[in-house]
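Asks: Need coordinates for the below:
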Amino acid sequence: MEAYRADVAFDGERVLAGGATVLVRDGVIAGVEPAAAAVPDGCPVTRLAGTALLPGLIDTHTHLCGDDQPDALDRLPGLSPEELDQTVEAALARPTRRVPAAV
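Replies: Down below sits the predicted model:
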């Protein structure tokens, strides 16, 4: 488990007064506590001064017509309809990736 602390936090409903400590286990949020909360023994804490945490925010923006390469969208005009279909099918077949909570 690891912990991240920030001076400002928003949980989707309200600003958490005084910030928050977000506990993360295996890339999944395990808890959201007040910023001053104690963390479990041996749990490393990363202080994110000057940042805001948005625990639970889900990024649902995706481009199924591209892959994970930096120039994916730039290559779209050169794809044939068959290549585009293959790219979308491959994107749909990939398992959902979890984004680290501190990103």
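Asks: quick one: the lowest-mean-pLDDT helix or strand in the chain to chain centroid distance?
Replies: Among the helical and strand segments of the chain, the one scoring lowest on mean pLDDT, DSSP states H and E is helix 72-75, with a mean of 86. On the basis of Cα atoms, centre = their mean, to the nearest Å, helix 72-75 sits 23 Å off its chain's mean C-alpha point.
Asks: in the chain, which spans are helices?
Replies: 72-75, 81-93 (DSSP state H).
Asks: so which of these comes closest to Ala30?
Replies: The minimum distance between Ala30 and the helices of the chain falls on helix 81-93, with 29.0 Å, by Cβ to Cβ. C-beta here means a position set from N, CA and C on the backbone, and glycine is covered the same way.
Asks: If you count neighbours, what's buried in that closest one?
Replies: For helix 81-93, burial by neighbour count (16 or more other Cβ atoms under 10 Å) applies to 87, 91.
Asks: what's that helix packed up against?
Replies: Contacts defined by 3 or more Cβ pairs under 8 Å, 6 or more residues apart in numbering; DSSP states H and E place helix 81-93 against no helix or strand at all.
Asks: just to revisit the earlier point, I'd like the helices of the chain laid out as CSV, including distance to Gly66.
Replies: As requested, the helices of the chain are exported to CSV (distance: least, Cβ to Cβ, whole Å):
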stretch, distance to Gly66
helix 72-75, 3
helix 81-93, 7
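Asks: and the closest residue to Pro34 other than its chain neighbours, backbone torsions?
Replies: Of all residues beyond its chain neighbours, the one nearest Pro34 is Gly18 (6.2 Å), with distances taken as Cβ to Cβ, 6 or more residues apart in numbering. Gly18 has phi and psi values of phi 80, psi 10 when expressed as degrees, to the nearest 10.
Asks: Can you check the pLDDT for Gly18?
Replies: As predicted, Gly18 sits at a pLDDT of 87.
Asks: Thought Ala35 was touching it, still the case?
Replies: Yes - if you go by Cβ atoms under 8 Å, Gly18 and Ala35 touch, sitting 5.2 Å apart.
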